[in-house]
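In: what's the 3D shape of this:
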Amino acid sequence: MGIRRLPFALLAGALALVVAATFWLATASGETRIATPAGAATSAVSSSPQSTATQTAASTPSASSSAAVTLTPVATPTSPTTLALSLAALGVSGTVSVAVYDLDDSDQLTAGGGSYETASIVKVDILVSLLVQRNGSLTTSQKSLARSMITISDNDAATTLFQAVGSTTGLNRTNRTLGLIETSAGTNGNWGLTRTTAADQIRLLKLIFLPNNTLSDASRAYVSSLMSSVSEAQDWGVTAAADAEETSAVKNGWLQRSTTGLWDVTSIGCVEAKGHHLLVAVLVTSAKSEGVGISTIEKAASAGVARVITA
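Out: Numbers count the residues shown, from 1 in each chain. Below you'll find the model as predicted:
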């Protein structure tokens, strides 16, 4: 998927009777949308530089030859819909929290609540924090570790990069800069026990999929490209809500608790569904098995996305 723009139509008319005069008229549309492969999307009002990793060339339709052209801009809603639903309304049960944000019209949904262990979704937070701390410049070794950490969820790579951002203290400090006000890094090297909320994970995803002053366009494209390249075995979770999984960006987490044998299963990402680009975060704890956790996430994500689209 590439950039879709409404063309600037240049209309010209000429009138010559005794004195020759030329008048130029122009009409323009106010809509600009950017959609990157793998579900990566930016805002509806800002255009970021082209990146071969995340965007394809623009395709501009030819201008109309009609004598009069009227282009009607797509209006952005002045009051986006905010849905706060019960889990029962989404048809899901268990200890789960869901958040969905529509990048195209800013509609949003929350269901469930509370704070949850991140498991491996914190790896996205670690990478974003490292990019912010280093002004987007990673060493060759760090890039290799980042790819392993995101695409195959390599734990050793995550431990090394967690230390690189300053471990618990460094991640917490940077998260304050990122606006993650409900996330607390795990202690004693246990980055997987970082606690967060679905709302905070949407805040993190906005930094990746919307232009901002914290993370550069190049860094956003870099994180998005890695989340769009996860191994096939790990391409589950919120991607169930997408029309086609290949248009999604995702990072999942799974952790069995040694004391109870129950599972924490988490999933965050950006999906495309029915022409909408949506950020989705679903956090599950105390699932009887990893499979039950995954099933809960996929049901919650699909139901949440459907409700937001019809909002």
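
In: and Gly94, what is it in contact with?
Out: Going by CB atoms under 8 Å, 6 or more residues apart in numbering, Gly94 touches 87, 284, 286-287, 292, 296. (Glycine included, C-beta is placed from N, CA and C.)

In: Domain map for this structure?
Out: Annotated domains of the chain cover 4-39, 82-309 [automatic domain parsing].

In: Could you dump those domains into TSV and include mean pLDDT?
Out: Output for the domains of the chain, formatted as TSV (pLDDT from 0 to 100):
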stretch	mean pLDDT
domain 4-39	36
domain 82-309	97
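
In: Of those, which stretch is the most buried?
Out: Most buried of the domains of the chain by mean neighbour count (mean count of other CB atoms under 10 Å) is domain 82-309; its value is a mean of 20.

In: What values do phi and psi take at His277?
Out: Note on His277: its backbone torsions stand at phi -110, psi 120 [degrees, to the nearest 10].

In: nope, Gly261 is what I meant
Out: When read as degrees, to the nearest 10, the backbone of Gly261 gives phi 80, psi 0.

In: Please verify my assumption that Asp217 contacts Pro211.
Out: Yes - between Asp217 and Pro211 there is a contact at 6.7 Å, judged by CB atoms under 8 Å.

In: so Val282 sits in a strand?
Out: Yes - membership of Val282 in a strand is supported by DSSP: H, G, I helix; E, B strand; the rest coil.

In: Spatially nearest residue to it (excluding sequence neighbours)?
Out: Take Val282 and drop its neighbours on the chain: the residue closest to it by CB to CB, 6 or more residues apart in numbering is Ile297, 4.4 Å away.

In: quick one, what contacts Leu145?
Out: Leu145 sits next to 154, 157, 160-161 when contact means CB under 8 Å, 6+ apart.

In: Redo these as JSON lines? Include secondary structure and distance to Ala146.
Out: Output for the contacts of Leu145, formatted as JSON lines (DSSP: H, G, I helix; E, B strand; the rest coil; distance: CB to CB, whole Å):
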{"residue": "Asp154", "secondary structure": "coil", "distance to Ala146": "10"}
{"residue": "Ala157", "secondary structure": "helix", "distance to Ala146": "7"}
{"residue": "Thr160", "secondary structure": "helix", "distance to Ala146": "10"}
{"residue": "Leu161", "secondary structure": "helix", "distance to Ala146": "7"}
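
In: Turn those into a markdown table, including distance to Leu279.
Out: A markdown table is the format used below for the contacts of Leu145 (distance: CB to CB, whole Å):
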| residue | distance to Leu279 |
| --- | --- |
| Asp154 | 25 |
| Ala157 | 25 |
| Thr160 | 28 |
| Leu161 | 23 |
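
In: just curious, which of these is nearest to Trp263?
Out: Comparing the contacts of Leu145 against Trp263 with CB to CB places Asp154 closest, at 20.1 Å.

In: residue ranges of the strands in this protein, please?
Out: 4-5, 9-16, 20-27, 32-33, 82-85, 95-102, 108-111, 116-117, 195-196, 249-256, 263-273, 276-287 (DSSP state E).

In: To Ala242, which of those lies closest?
Out: strand 263-273 (3.8 Å).

In: That closest one pairs with which strands, parallel or anti?
Out: Sheet pairing for strand 263-273, assigned by DSSP bridges, gives strand 249-256 (antiparallel), strand 276-287 (antiparallel).

In: List the contacts of the longest helix anywhere in the chain.
Out: Ranked by number of residues, the top helix in the chain under DSSP state H is helix 290-309. When contacts are defined by CB under 8 Å, 6+ apart, helix 290-309 is touched by residues 81, 83, 85, 87, 90-94, 96, 98-102, 107-109, 111, 236-238, 240-241, 254, 256, 263-267, 271, 273-274, 276, 278, 280, 282, 284, 287.

In: what's the answer for stretch 237-244, then?
Out: With contact meaning CB under 8 Å, 6+ apart, stretch 237-244 is reached by 39, 245, 248, 250, 252, 266-269, 271-274, 278, 280-282, 294, 297-299, 301-302, 304-306.

In: Straight-line length of that stretch, end to end?
Out: For stretch 237-244, the first-to-last residue distance is 13 Å (CA to CA, to the nearest Å).
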